[in-house]
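# Kindly generate the corresponding structure for this input.
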Amino acid sequence: MNGNSPQRTGLWLTEHELARHLNISVRHLMNLRKAGLPHIHLGVSIRYDFLEVMAYLRDRRIVPSKNQSSTTDSVATVTNPPIGKQQS
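Okay, the predicted model is just below:
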């Protein structure tokens, strides 16, 4: 695994970090959390395990059927870990 890949052993993102990485608002992230997005409460703070979130989103991804347009505009793919979160 290269140095840019997150590890399940410590890459816990804040709401603002994860929202910025997914290019969504914090409000939308809060709605996803209410719908079941995996997270952990640390006192009053909320943290998200990057790999668990990506697995959750991947499992709920909607892929167009053969009858629908097959343009890539309708399917979002996130493959890169958050910038600046490298493990040594």
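# longest strand in this protein, by residue count?
For the chain, the strand that runs over the most residues, judged by DSSP state E, is strand 45-49.
# Tell me which other helices or strands that one touches.
Contact here means 3 or more Cβ pairs under 8 Å, 6 or more residues apart in numbering; DSSP states H and E; on that basis strand 45-49 packs against strand 12-13, helix 15-22, strand 40-42. C-beta here means a position set from N, CA and C on the backbone, and glycine is covered the same way.
# so of the ones you listed, which one's packed in deepest?
strand 12-13 (a mean of 20; mean count of other Cβ atoms under 10 Å).
# What strands line up against it, and which way round?
When sheet partners are counted by DSSP bridges, strand 12-13 sits next to strand 45-49 (antiparallel).
# So which bits of the strand it pairs with are buried?
46, 48-49 (16 or more other Cβ atoms under 10 Å).
# quick revisit: in a markdown table, list the helices and strands packed on strand 45-49 along with distance to residue 53 and mean pLDDT.
Compiled in a markdown table, the helices and strands packed on strand 45-49 are given as follows (distance: least, Cβ to Cβ, whole Å; pLDDT from 0 to 100):
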| stretch | distance to residue 53 | mean pLDDT |
| --- | --- | --- |
| strand 12-13 | 8 | 94 |
| helix 15-22 | 7 | 95 |
| strand 40-42 | 11 | 94 |
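# ok, residues contacting the longest strand of the chain?
8, 11-15, 18, 33, 37-40 (Cβ atoms under 8 Å, 6 or more residues apart in numbering).
# Lovely, talk soon.
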